[in-house]
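K.L.:
with the sequence up front, the predicted model follows.
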Amino acid sequence: MGEAIITRRGGGILKIAGQTEEIVRFGESINKYDPVCVKFVGTKLSDPSTLPTDTGNGVAFDPTGTYLAVAHAVSPYITIYKRNGDTFTKLSDPSTLPTGTGNGVAFNSTGTYLAVAHNNSPYITIYKRSGDTFTKLSSPSIIPNGDGRGVAFDPTGTYLAVAHNSSPYITIYKRNGDTFTKLSNPLTLPAYTGNGVAFDPTGTYLAVAHFSIPYITIYKRSGDTFTKLSDPSTLPAFTGYGVAFDPTGTYLAVAHNNSPYITIYKRSGDTFTKLSDPSILPTSIGNGVAFNSTGTYLAVAHNNSPYITIYKRSGDTFTKLSDPSTLPTDTGRGVAFDPTGTYLAVAHHGSPHITIYLASVCFKTNLMSDVSITEKAGYAKESGFAGEYKKIVVIFR
């Protein structure tokens, strides 16, 4: 790291090929040019003053990290928070609410649209945001055939996929303005009830976690057509509940029933190959899964304490990190990182129904041992205090 701050003759700073400048949150007082690393801390924040009314099932941040939405049991079924620093304040409920238990939730890539998959017709409720107000749009003319369980937008906000009960188990819409029009079903459908759904970051691949073998069904998109790919040669052990791509589209993680509870694939072209299981597994059924914005961390929400298990990726190896000192109070159902990787939210059974952590923070370091657990390392480009967002130069990740 020291090479990066050698002063050139005549002034200026030596620049290492591949280094980048990034804004990060400082976890302590740091001086300009101090060697630093960004690592996972998992410090629980104070609960919001107004909590979801019952079990949290799904959770999502908007792409700016300003808004946090929780899909949950008991009216209003969706609770939306606005973040100011580390404080999450509940907004007024939308004037029109979902009609039943919220199971999944997703923002589009601009944060303009918020979709909630829920029990009871119309099974999917879509809101348009204007400032802090979320207004329900007209339901699609063709709605899913059963309770919505998972939902995802593609990265352009053009396509919206809903995993649900009852055939076809996956319903895909194309957006034109505020209108969502159902596309023709894929020729090959998931085998049974769809539970979770995710697009890769290019919008080329769509993965559906579901009941019944093969438990994960992956489609490739060409225009408005979604064509099923061959199943991975090694399948999840049982029912798939949650699914997520990493931000490069290289890794696909499936949270599922039966050990190992998390199955991770590496993609090469259209082929998804199972990686070796982490040496330490989640303690029970995996329900939700999420990568952070760099693909360095993978979080799994699951049954049984500690209810959330977090892994750090190094190459194709996922190593469990120490549990947060304060755990969710009961079964983890859904999980999401904010787009900066600063916050991690877990929706779960048991009050407070949502637990929010400070995730990745920047610290001073002179220890090479920190490199093995760090997300990125380099040196501070400016001085700052704990809680401030400052520039660092990253030369290792």
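P.N.:
In hand now; what should we look at?
K.L.:
I'd assumed Thr158 was in contact with Ile172.
P.N.:
No. In this structure, Ile172 is not within contact of Thr158 by CB atoms under 8 Å, at 10.6 Å. All C-beta spots, glycine's among them, are computed from the backbone N, C-alpha and C.
K.L.:
so which of these two has more stuff around it?
P.N.:
Comparing Ile172 with Thr158 by other CB atoms under 10 Å, the one with more neighbours is Ile172, at 23 against 15.
K.L.:
partner strands of the strand or helix carrying that one, parallel or antiparallel?
P.N.:
Element membership for Ile172, per DSSP states H and E: strand 170-176. Sheet pairing of strand 170-176 (DSSP bridges) gives strand 159-164 (antiparallel), strand 179-182 (antiparallel).
K.L.:
nearest to Pro247 among these would be which one?
P.N.:
Nearest to Pro247 among those is strand 159-164 (18.1 Å), distances taken as CB to CB.
K.L.:
so for the closest one, what gets flagged as buried?
P.N.:
For strand 159-164, a neighbour-count test (16 or more other CB atoms under 10 Å) marks Tyr159, Leu160, Ala161, Val162, Ala163, His164 as buried.
K.L.:
might you list the low-confidence residue ranges for this structure?
P.N.:
Filtered on pLDDT under 70, the chain yields the residue ranges 1-18, 367-373.
K.L.:
okay, now Thr193: neighbour count?
P.N.:
By the criterion of other CB under 10 Å, Thr193 has 18 neighbours.
K.L.:
in the sheet, which strands lie alongside the helix or strand containing Leu206, parallel or antiparallel?
P.N.:
With elements taken from DSSP H and E, the one containing Leu206 is strand 205-210. Note on strand 205-210: by DSSP bridges, its sheet partners are strand 194-199 (antiparallel), strand 216-222 (antiparallel).
K.L.:
put the alpha carbons of the last one into PDB.
P.N.:
Extracted C-alpha coordinates of strand 216-222, given in PDB (Å, rounded to 0.1, in the frame of the first residue of the first chain):
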ATOM      1  CA  ILE A 216     -34.200 -23.700  -9.800                       C
ATOM      2  CA  THR A 217     -35.200 -22.800 -13.400                       C
ATOM      3  CA  ILE A 218     -33.000 -20.400 -15.400                       C
ATOM      4  CA  TYR A 219     -34.100 -18.600 -18.500                       C
ATOM      5  CA  LYS A 220     -32.200 -16.600 -21.100                       C
ATOM      6  CA  ARG A 221     -33.900 -13.600 -22.600                       C
ATOM      7  CA  SER A 222     -33.900 -12.700 -26.300                       C
END
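K.L.:
what is the burial count for the closest residue to Gly249 other than its chain neighbours?
P.N.:
Leaving aside its chain neighbours, Gly249 sits nearest to Asp200 (4.0 Å; criterion: CB to CB, 6 or more residues apart in numbering). A count of neighbours around Asp200, defined by other CB under 10 Å, yields 24.
K.L.:
so Asp200 touches Phe245, yeah?
P.N.:
Yes. With contact taken as CB under 8 Å, Asp200 and Phe245 are classed as touching, separated by 4.4 Å.
K.L.:
which neighbours do those two have in common?
P.N.:
Shared contacts of Asp200 and Phe245, defined by CB atoms under 8 Å, 6 or more residues apart in numbering, comprise Ala207, Leu252.
K.L.:
Ala106 bridge partners, please.
P.N.:
In this structure, Ala106 bridges to Ala115 when assessed by DSSP bridges.
K.L.:
any idea how far it is from Arg333?
P.N.:
Ala106 is 15 Å from Arg333, where distance means CB to CB, to the nearest Å.
K.L.:
check the buried residues of strand 159-164 and tell me the two furthest apart.
P.N.:
Tyr159 and His164 (15.8 Å).
K.L.:
so can I have JSON lines of the strands paired with strand 205-210 showing mean neighbour count?
P.N.:
Formatted as JSON lines, the strands paired with strand 205-210 follow (neighbours: other CB atoms under 10 Å):
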{"stretch": "strand 194-199", "mean neighbour count": "28"}
{"stretch": "strand 216-222", "mean neighbour count": "19"}
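K.L.:
which one, of those, ends up nearest to Thr99?
P.N.:
Ranking the strands paired with strand 205-210 by their distance to Thr99 (criterion: CB to CB) puts strand 194-199 first, at 19.1 Å.
K.L.:
ok now that closest one, how far from the chain's centre?
P.N.:
Counting by CA atoms, centre = their mean, to the nearest Å, strand 194-199 is centred 12 Å from the centre of its parent chain.
K.L.:
one more: stretch 320-331?
P.N.:
Per CA atoms, centre = their mean, the centroid offset for stretch 320-331 relative to its chain is 17 Å.
K.L.:
same check on stretch 314-326?
P.N.:
Distance of stretch 314-326 from the chain centroid (CA atoms, centre = their mean) equals 16 Å.
K.L.:
now do the buried residues in it.
P.N.:
By neighbour count on 16+ other CB under 10 Å, the buried set for stretch 314-326 is Phe318, Lys320, Leu321, Pro324.
K.L.:
from those residues, which is closest to Val116?
P.N.:
Val116 lies nearest to Pro324 out of the buried residues of stretch 314-326, by CB to CB, at 27.4 Å.
K.L.:
how much space separates that closest one from Thr96?
P.N.:
36 Å.
K.L.:
repeat that for Val116.
P.N.:
Val116 sits 11 Å away from Thr96, going by CB to CB.
K.L.:
out of the two, which sits in the busier spot?
P.N.:
Neighbour count, other CB under 10 Å: between Val116 and Thr96, Val116 has more, with 27 against 12.
K.L.:
now do the same contact list for that one.
P.N.:
Val116 sits next to 69, 71, 77-78, 98, 102, 104-105, 124-127, 148, 151 when contact means CB under 8 Å, 6+ apart.
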